[in-house]
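S.K.: Got a predicted model here, sequence first, then my questions.
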Amino acid sequence: NKQAVDNAKSHVRKEKNPYKVKIRIINDDSSTINYIVHLKKLRISSVQFIILHPPYWDIIKFSNKKKDLSNAESVNDFLKMFGKVAEKTFRILDKGRYCAVVIGDKYSSGEWIPLGFYVMREMTEKGYKLKSTIVKNFDQTTAKRNQKDLWRYRALAGGFYIFKHEYIF
């Protein structure tokens with residue numbers, strides 16, 4: 001999503017960088033990108049930490065592209081697509097180092113879909129080891145603070161569930 005990339009670049013430019021950390025924002029398909037080529041440009045062969053924050057399947061559409069995770073036709077398609085990303089990132093991560101995945105669940109047609117746990121399983125099937133599960137409670141975040149009644153009304157009127165957490169695996 002070019003708009004998201006431009007927004008990220010704008011925020012990064014505003015930050016101080018006293019330690020001269022190399023920052024590159026790449027707009028590409030995470031499931032097909034050749035990470036090795038990009039790492040060579042930075043004169044490195046691997047990384048020590050990866051953060052993945054995939055879309056929560058189809059809750060918010062990020063583009064109209066068929067290969068976009070937010071356009072997967074089913075949860076199985078989403079997991080298969082995400083699995084490609086997990087597999088590619090595993091290859092560039094130094095042995096014994098870490099990857100964090102931030103993901104929540106989904107509620108659809110009266111059913112709780114434990115998307116976070118499905119993603120965690122996908123990661124372990126690609127070779128990652130689970131070190132911890134952190135449940136991030138965002139009940140009091142700025143976006144929802146002082147608006148609990150509004151969100152409750154929207155949930156009741158729209159037939160959806162208000163999630164107050166996401167996972168960090």
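M.R.: Thanks, I have it.
S.K.: which residue packs closest to the residue nearest the centre of the chain, ignoring adjacent ones?
M.R.: Central residue of the chain (Cα atoms, centre = their mean): residue 53, 1.3 Å from the mean position. The shortest distance from residue 53 to any non-neighbouring residue, by Cβ to Cβ, 6 or more residues apart in numbering, is to residue 102 (4.4 Å). The way it works is simple: take the backbone N, C-alpha and C, and place the C-beta from them, glycine included.
S.K.: Could you do residue 30 as well?
M.R.: Excluding the flanking residues, the one nearest residue 30 by Cβ to Cβ, 6+ apart is residue 85, at 4.5 Å.
S.K.: Provide the count of other residues in contact range of that neighbour.
M.R.: Residue 85 is flanked by 21 other residues according to other Cβ atoms under 10 Å.
S.K.: can you pull the buried residues of the helix or strand hosting it?
M.R.: Here residue 85, judged by DSSP states H and E, is contained in helix 75-92. Neighbour-count burial for helix 75-92 flags 75, 78, 79, 81, 82, 83, 84, 85, 86, 87, 88, 89 (criterion: 16 or more other Cβ atoms under 10 Å).
S.K.: got a list of what the fifth one touches?
M.R.: With Cβ atoms under 8 Å, 6 or more residues apart in numbering as the criterion, the residues that contact residue 82 are 54, 69, 119, 122.
S.K.: Nearest to residue 47, out of these: which one, please.
M.R.: residue 54 (17.9 Å; Cβ to Cβ).
S.K.: And what about the closest one, helix, strand or coil?
M.R.: At residue 54 the chain is in coil, as set by DSSP: H, G, I helix; E, B strand; the rest coil.
S.K.: Please verify my assumption that it contacts residue 85.
M.R.: Yes: proximity of residue 54 to residue 85 meets the contact threshold set by Cβ atoms under 8 Å, at 7.3 Å.
S.K.: Top of the contacts of residue 82 by number of neighbours, please.
M.R.: The residue in the contacts of residue 82 with the most neighbours, by other Cβ under 10 Å, is residue 119 (25 neighbours).
S.K.: Please list all residues in contact with it.
M.R.: Applying Cβ under 8 Å, 6+ apart, the residues contacting residue 119 are 54, 79, 82, 101, 103, 169.
S.K.: Relative to residue 33, how far out is the third one?
M.R.: Meaning residue 82. Relative to residue 33, residue 82 is positioned 14 Å away (Cβ to Cβ, to the nearest Å).
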